[in-house]
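Visitor: A structural model of the following input is requested.
(2 chains)
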Amino acid sequence: MPEEVLKVINLKKRYGKNEVIRGVSFSINRGETKVVIGPSGAGKSTMLRCLNRLVEPDGGKIYFNGIDITSKDVDIREIRSKIGFVFQHFNLFKHLTALDNVKIGLKVVKKIDDREATERAYQALKAVKLENEADKYPAQLSGGQQQRVAIARALAMDPEIILFDEPTSALDPQLVGEVLDVMKNLAKKHVTMLVVTHEIGFALSVADEVLFFYNGVIWEKGTPKEIIYNPKKKETKEFLGRIFELYSRGENS
Amino acid sequence: MSLEFIVSQISQGIVVTLELTALGMLGGFLLGFPLAVARTYSKGFFRWLSVGYIELIRGTPMLLQLYIIGFGLPLLIREYFPSFVMNVFWAAAIGMMINSAAYQAEYIRGAFNAIESGQSEAGIAMGMSKWQIITKIIFPQAFRIMLPSWTNEIIYLLKYSSLAMLLAVPEIMYQAKVVAAATFMYAEVWLVVALIYLTFALIITQVMRVVEKKIYIPGVTMIKRGAL
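Guide: As a prediction, this is how the structure comes out:
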C-alpha cells in the first residue's frame, strides 16, 4: 500500500473578505510528483505556503506523515525541516556562498557537525552540477544557477517532500531548461514533489497527476495527458488554450 | 609657555576621550541591538518599551542626560546611601551608552527593514527559529548595510564626548580648558584641540573604510558606485 506523505483535507484561507482557498483536498504518496497549474490569482502559491504554515490556514487539516500539522501542539519547526521549499525568487541567503547556503540548515537546524555538513552540502551541489561554483556568492551566479543552489539547499536537508513555488517563473527563457532538467532528474529518482508551475512540458514528462487550480479550488484533476490534451471543463480548456497560444506564438504566422 | 607644553597637556585627555567613545559605542550597541529587535520584531509591551526609550532619548539633549546621571542620580542615591560618590568618568560613559543606544537602535532597525522578506521566509521554511533567523540571516546582512551610519555614530560620539567636561571628566576639552586658563593662549589651545579631534575622526573614517572593504560581500552592499 502506498505511503501518504501529505494529505490535505478541506483547506481554507481567507484574507479579510476575500476567500483565497475555498476547500482544497488532495494527497501525495511517497515518490510521487504532482503538478499544480492554473491562472494567476487562483490561490496556488497561497495553498503551497499553507502546507508548511508559512501562511497560517484558516480551516481544514494537513497531515504530514499522518501527523496533523495544523494542530497547535505540533513542533512546526521540526516539521518544516522535513519539508523542502523552493521559492520563485530563489531567496538564497545573500551573505553566504553557495556551499554555506546549503550548509546552514544542516548546521543550524539539524545540528550536524561542520565536517559532515560540508560533505553533505558538496554532495547536494554535485547533484545539481554546481560543485565548481561552491565558493561563489548568490550575486555572482546566474538566475538558473541560483535556483539550482536553492534546490540543493532543500535537497541537502533530506526532506520527505519538496514544494516548488513557480521555480522557473523568474528566470530568463534560456535558463529555464537547466532548472527543469534538475527537477526531472529528482522526479526520476522518486523524490516526492509538489510543483506549482506553468511548464506544461514538465508536467507531461514527469507528473503522476496534474491538479488544475481555479478560483480557490481544485477545478479538475487527472493524469497529465487527460488534463492537458483532453480537459473536460471549460475553464481548464481556456487556460490551456492560452498557455499553448503563448508557447506556439509565431509558429504559424 | 611653548606649544609643546600645550600639546602634551591636552594629549593627556586623549585616552579618556577615546575610552568614552569606545565604551559609548560598545554599550550603545549591546543595548541598541535588543531595542532594534524589539521595535522591529516584537509586538505589545517590548515594542512599546523600545519605542518609548528611543523617542525619550532622542528627544532630549545629551547634556541634560549627562547632568541627570552625573548630578541628579547621585543625589537620589544619597537619600538611601549617604556615603555614595559617583565616579564622573563612569557617569559620562553610561550617559553616552544610553544616548548612543537610541541612535544605534534606529540604524540597526533601518538596516533590518532594508532586508527582503524572502530572506527570513527561506529561514522559516527550513525550520529556523526567530532568533536563529535574526542572528544568522538578518544581522550579518544588516551589519554590512548599517556600517556607514555606524561610522557616523563613532565620529559623533568622539566629538560629543566633549560634553563630559561639564561633569569634570578629564578628557580633551577639559584638559584644554585647564591649559588655556593657565596660559591664556586660547587661540592656540582651541586650534590644537580642533586638530586632535579632526585627526582621530579621519583615522576612524579610514579604518572603517578598510573594514567595509574587508567584510564586503557582493550583492549585500555596494562598494563601487555604479553608473551614477
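
Visitor: now do the contacts for whichever residue of the stretch 151-253 of chain A sits closest to chain B.
Guide: Going by Cβ to the nearest Cβ, chain B is nearest to A:M157 of the stretch 151-253 of chain A, at 6.5 Å. In this view, the C-beta of every residue, glycine as well, is placed from N, C-alpha and C. Residues near A:M157 by Cβ atoms under 8 Å, 6 or more residues apart in numbering or on different chains: A:81-82, A:84, A:105-106, A:109-110, B:126.

Visitor: mind checking pLDDT for it?
Guide: pLDDT, A:M157: 96.

Visitor: what does B:L3 give?
Guide: Predicted confidence (pLDDT) for B:L3: 83.

Visitor: measure how buried the residue lying closest to it once chain neighbours are set aside is and give me the count.
Guide: Spatial nearest neighbour of B:L3, excluding adjacent residues (Cβ to Cβ, 6 or more residues apart in numbering or on different chains): B:E188 at 6.3 Å. Here the number of neighbours of B:E188 (other Cβ atoms under 10 Å in any protein chain shown) works out to 16.

Visitor: in a helix, B:E188, correct?
Guide: Yes: B:E188 sits within a helix when classified using DSSP: H, G, I helix; E, B strand; the rest coil.

Visitor: which bits of the stretch 51-200 of chain A sit near chain B?
Guide: Contact residues, the stretch 51-200 of chain A versus chain B (Cβ under 8 Å from any Cβ of the partner chain): A:52, A:54, A:77-81, A:83, A:85, A:87, A:89, A:91-95, A:104-105, A:108-109, A:137-140, A:153-154, A:157.

Visitor: redo that, cut-off 6 Å
Guide: Within reach of chain B by Cβ under 6 Å from any Cβ of the partner chain, the stretch 51-200 of chain A has these residues: A:52, A:77, A:80-81, A:85, A:89, A:91, A:93-95, A:105, A:108-109, A:137-140.

Visitor: direction included, what does the helix or strand harbouring A:I28 pair up with?
Guide: Element membership for A:I28 (DSSP states H and E) is strand A:18-29. Here strand A:18-29 is paired, per DSSP bridges, with strand A:4-15 (antiparallel).

Visitor: closest point of the stretch 1-150 of chain A to chain B, which residue?
Guide: A:A139 (2.6 Å).

Visitor: now do that residue, the pLDDT please.
Guide: 95.

Visitor: now it: how far from A:D73?
Guide: 41 Å (Cβ to Cβ, to the nearest Å).

Visitor: now B:E188
Guide: 76 Å.

Visitor: can you tell me the closest non-neighbouring residue to the closest residue to chain A within chain B?
Guide: Here chain B gets closest to chain A at one residue, B:G219, 2.6 Å apart by Cβ to the nearest Cβ. If the residues on either side of it in the chain are set aside, B:G219 comes closest to A:A139, at 2.6 Å by Cβ to Cβ, 6+ apart.

Visitor: B:P218 is in contact with that neighbour, correct?
Guide: Yes: if you go by Cβ atoms under 6 Å, A:A139 and B:P218 touch, sitting 4.4 Å apart.

Visitor: buried ones in whatever helix or strand B:L64 lives in?
Guide: Taking DSSP H and E as the definition, one finds B:L64 inside helix B:62-67. Using 16 or more other Cβ atoms under 10 Å in any protein chain shown as the burial criterion, the residues of helix B:62-67 that qualify are B:62, B:65-67.

Visitor: downstream of that helix, the next helix or strand is which one?
Guide: helix B:73-78.

Visitor: give me the mean pLDDT for that following helix.
Guide: 92.

Visitor: in that helix, what's buried?
Guide: Result for helix B:73-78 [16+ other Cβ under 10 Å]: buried residues B:73-74.

Visitor: now that helix - C-alpha only, CSV.
Guide: Taking C-alpha atoms only, helix B:73-78 is exported to CSV below (Å, rounded to 0.1, in the frame of the first residue of the first chain):
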residue,chain,number,x,y,z
LEU,B,73,21.0,60.5,40.1
PRO,B,74,23.8,60.7,42.8
LEU,B,75,21.5,63.0,44.9
LEU,B,76,18.7,60.4,44.7
ILE,B,77,21.0,57.5,45.6
ARG,B,78,22.5,59.5,48.6
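
Visitor: any idea how far it is from the middle of the chain?
Guide: The chain centroid and the centroid of helix B:73-78 are separated by 26 Å under Cα atoms, centre = their mean, to the nearest Å.

Visitor: show me the strands in the stretch 101-250 of chain A, by range?
Guide: A:161-165, A:193-196, A:209-214, A:217-222 (DSSP state E, counting those that start in this stretch).

Visitor: what helices and strands are in contact with the first one?
Guide: So the one you mean is strand A:161-165. helix A:44-50, strand A:83-86, strand A:193-196 (3 or more Cβ pairs under 6 Å, 6 or more residues apart in numbering or on different chains; DSSP states H and E).

Visitor: show me what the residue nearest to the spatial centre of chain A is bridged to.
Guide: Centroid check for chain A by Cα atoms, centre = their mean gives A:F164 as the closest residue, at 1.3 Å. Beta-bridge pairing for A:F164 (DSSP bridges): A:V86, A:V195.

Visitor: so it makes contact with A:F87?
Guide: No: between A:F164 and A:F87 there is no contact under Cβ under 6 Å: 8.8 Å.

Visitor: can you tell me the closest non-neighbouring residue to A:K12?
Guide: A:G59 (3.6 Å).

Visitor: and the gap between the one you found and A:R14?
Guide: 9 Å.

Visitor: also A:L246?
Guide: Taking Cβ to Cβ, one finds A:L246 at 31 Å from A:R14.

Visitor: which parts of chain B are helices?
Guide: B:3-11, B:14-41, B:45-58, B:62-67, B:73-78, B:88-113, B:117-125, B:130-132, B:139-160, B:172-183, B:186-214 (DSSP state H).

Visitor: tell me the centre residue of chain B?
Guide: Using Cα atoms, centre = their mean, the most central residue of chain B is B:M25, at 3.7 Å.

Visitor: OK, contacts around it?
Guide: By Cβ atoms under 6 Å, 6 or more residues apart in numbering or on different chains, the contact list for B:M25 reads B:I154.

Visitor: for it, give me the pLDDT.
Guide: The predicted local confidence for B:M25 is 97.

Visitor: A:G41 now?
Guide: 82.

Visitor: spatially nearest residue to A:I243 (excluding sequence neighbours)?
Guide: Nearest one to A:I243, counting by Cβ to Cβ, 6+ apart, is A:I200 at 5.8 Å.
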